[in-house]
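In: Prediction below, plus the sequence it came from.
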Amino acid sequence: MQTLDKNNLINRLPKMGIYHTSDGRNIEDVSLYTLMWTYISVKCDAARAYGEETQ
């Protein structure tokens with residue numbers, strides 16, 4: 001399993017279509033905590049969307 005450090009998240013989020021946090025800040029300018037929160041939120045939203053699609 002790969003570690004989710006700050007640089008890893010900064011590289012992963014744009015691949016998921018995320019360039020800014022929910023409050024509009026650039027992902028390169030926020031803390032690791034905020035990056036993790038954003039990453040988890042995006043993953044949860046995707047899982048919810050997938051669940052609604054299959055029901």
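Out: The structure has been received and is ready for your questions.

In: Going by C-alpha atoms from here, please, whenever you check contacts or count neighbours.
Out: Will do.

In: Report the distance from the helix or strand in which L35 is found to the chain centre.
Out: Taking DSSP states H and E as the criterion, L35 maps to helix 32-54. A distance of 7 Å separates the centroid of the chain from that of helix 32-54, by CA atoms, centre = their mean, to the nearest Å.

In: That one - contacts with which helices or strands?
Out: For helix 32-54, the packing partners by 3 or more CA pairs under 8 Å, 6 or more residues apart in numbering; DSSP states H and E come out as helix 6-15.

In: how far is the helix it packs on from where the chain is centred?
Out: Taking CA atoms, centre = their mean, the mean C-alpha location of helix 6-15 is offset from the chain mean by 8 Å.

In: what sits up against it?
Out: 19, 27-28, 31-32, 35-36, 39 (CA atoms under 8 Å, 6 or more residues apart in numbering).

In: Check the model's average confidence along it for me.
Out: Average pLDDT, helix 6-15: 95.

In: Report the inter-axis angle for it versus helix 32-54.
Out: Here helix 6-15 runs at an angle of 30 degrees relative to helix 32-54 (axes from the mean of the first three to the mean of the last three CA atoms, to 10 degrees).

In: and the most centrally placed residue in the chain, what does it touch?
Out: Taking CA atoms, centre = their mean, the centroid of the chain lies closest to Y39, which sits 2.3 Å from it. Counting by CA under 8 Å, 6+ apart, Y39 touches 9, 13.

In: One more pass at 10 Å, please.
Out: 4, 9-10, 12-13, 16, 18, 21, 33, 45 (CA atoms under 10 Å, 6 or more residues apart in numbering).

In: And the helix or strand of the chain with the lowest mean pLDDT, what's buried?
Out: Ranking every helix and strand in the chain by mean pLDDT, DSSP states H and E puts helix 32-54 at the bottom, with a mean of 89. Residues of helix 32-54 classed as buried: 32, 35, 38-39, 42 (neighbour count, 16 or more other CA atoms under 10 Å).

In: coming back round to it: by neighbours, which of the contacts of Y39 wins?
Out: I10 (21 neighbours; other CA atoms under 10 Å).

In: How much space separates it from Y33?
Out: Using CA to CA, to the nearest Å, I10 is found at 12 Å from Y33.
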